[in-house]
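> 3D model of this:
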Amino acid sequence: MYQKIRDLREDMDLKQQALATYLHCTQACYSNYELGYRDIPTEVLIKLSEFYNTSVDYLLELTDEPKPYPRKKRRR
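Residues are numbered from 1 along each chain as shown. Below you'll find the model as predicted:
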């Protein structure tokens, strides 16, 4: 999973800081997610799947299908 989020970020030519800003965390925190030093909270996985327009299952490498499922409206 950690390599997957790194690959997606790099495919979009984004810096870690851009994702850290989107997730409201520090660049060091985000780097630790990519390196697998820190578990990624469920809410962060959901935000990443929304950002990359994919499913959490794809991020978790439970499927090779990047197309997301139809989404429900989330309460904020």
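
> how about the contacts made by the most centrally placed residue in the chain?
Among the residues of the chain, Leu48 comes closest to the average C-alpha position under Cα atoms, centre = their mean, at 3.1 Å. Contact analysis of Leu48 by Cβ atoms under 8 Å, 6 or more residues apart in numbering lists 5, 8, 19, 23, 40, 59. C-betas here are computed from N, CA, C, even on glycine.

> which ones are touching Arg71?
By Cβ under 8 Å, 6+ apart, the contact list for Arg71 reads Glu50.

> any idea how far it is from Ser49?
Distance, Arg71 to Ser49, by Cβ to Cβ, to the nearest Å: 9 Å.

> where in this protein is pLDDT low?
Residues of the chain meeting the criterion pLDDT under 70: 74-76.

> which stretches of it form helices?
2-11, 16-23, 27-35, 42-51, 56-59 (DSSP state H).

> who touches the shortest one?
Counting by Cβ under 8 Å, 6+ apart, helix 56-59 makes contact with 1, 4-5, 45-46, 48-49, 52, 63-66, 68, all of which sit outside it.

> repeat that for 6 Å
With Cβ atoms under 6 Å, 6 or more residues apart in numbering as the test, helix 56-59 has contacts from 1, 4, 45, 49, 63, 66.
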